[in-house]
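Next one to model:
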Amino acid sequence: MSQTAQLKAWQDTFGDQYIQRCAATDEAVRTRSRAWADMLRPIDGRLPKSILEVGCNVAINQRALQGLVDSELFAVEPNPKARSVVIEDGVLDRDHLKAGNALNLPFADASIEMCFTSGVLIHIAPDDLPRATSEMYRVSSRYILCAEYFSRNPEEVEYRGHAGLLFKRDFGSYWLDNYDLSPIAHGFHWRRTTGIDDVTWWLFEKNP
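Coordinates of the predicted model:
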């Protein structure tokens, strides 16, 4: 599959700059751990045995999850420098961290119990979004979770002086309108109290 303009940006200097802005500090991991405790609470007692993050960057989510669950953790990341950080920090090994992207996930059908994104679907162009979400749905055997910027209507927003790199919408409705899912829970992480960007999250379960 040919590269999209968005993938080229994240694999190049623009993506490298993001790594520098989003270091996996102890405070960042603690903050993300609190967020994950909130998102996983509705399925306490039936947590997934395996979890795949689509677009992990330097794996702040993975670091947080390691302190919360016993699940086998996997991730896909297109930026080579970000993957190097994850490997060098010992967060994931090379069998669990794949070079790739949301448009072509290197996993078999229904091979991972939960697939999730955190601030990734917003960086996928609307024309490519169906492919990305279809790949997540294909790989997941049970749960889909996403935490993304929300807008009632689809809109493009300038991102750090660039066009074509950030797209907001009601991702929860997008998932429900296009896939056979049941909503489990949703919520909002408010920057003022969570230390995380203002994002809305949705947790879904695939219907039998």
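
Flag the shaky bits of this protein, pLDDT-wise.
Along the chain, segments meeting pLDDT under 70 span 1-2.

just checking, Asp93 touches Ile87?
Yes: when contacts are counted by Cβ atoms under 8 Å, Asp93 is listed as touching Ile87 (7.3 Å). For every residue, glycine as well, the C-beta is placed using N, CA and C.

Between those two, tell me which one has more neighbours.
Neighbour totals were compared for Asp93 and Ile87, and Ile87 leads with 15 against 9 (other Cβ atoms under 10 Å).

Please, which helix or strand holds that one?
Element membership for Ile87 (DSSP states H and E) is helix 80-88.

next SSE after that helix?
Following helix 80-88 toward the C-terminus (DSSP H and E): strand 97-99.

What residues are bridge-paired with the residue lying closest to Leu145 once chain neighbours are set aside?
Nearest residue to Leu145 in three dimensions, chain neighbours excluded: Phe116, at 3.9 Å (Cβ to Cβ, 6 or more residues apart in numbering). Beta-bridge pairing for Phe116 (DSSP bridges): Glu53, Leu145.

Begin at 14 from now on, thanks
Sounds good: first residue 14 from here, last item Phe129.

Can you point out the helix or strand that includes Ser154?
strand 153-161.

After that strand, heading C-terminal, what element do we hit next?
Counting by DSSP H and E, what follows strand 153-161 is strand 168-169.

Give the full set of residues in contact with the residue nearest the centre of the chain.
The centroid of the chain falls nearest to Thr130 when counting by Cα atoms, centre = their mean (1.6 Å). By Cβ atoms under 8 Å, 6 or more residues apart in numbering, the contact list for Thr130 reads Glu66, Val67, Gly68, Ala115, Met149, Leu158, Cys159, Ala160, Glu161.

ok, how many other residues are close to the fifth one?
So that's Met149. 25.

Then the third one?
For Gly68, the count of nearby residues is 24 (other Cβ under 10 Å).

What is the burial count for the residue nearest to it when sequence neighbours are not counted?
Computed as Cβ to Cβ, 6+ apart, the closest residue to Gly68 that is not its neighbour in sequence is Val133, at 3.7 Å. Val133 is flanked by 23 other residues according to other Cβ under 10 Å.

Could you check how far Val133 is from Leu179?
11 Å (Cβ to Cβ, to the nearest Å).

again, but for Arg144
18 Å.

These two - which one has more neighbours?
Counted by other Cβ under 10 Å, Arg144 and Leu179 do not tie: Leu179 has more neighbours, with 18 against 14.

give me the element Arg43 is part of.
Using DSSP H and E, Arg43 sits in helix 39-53.

Need the contact partners of that helix.
35, 60, 73-74, 76-78, 80-82, 158, 160, 198, 200, 202, 207-209, 214, 216.
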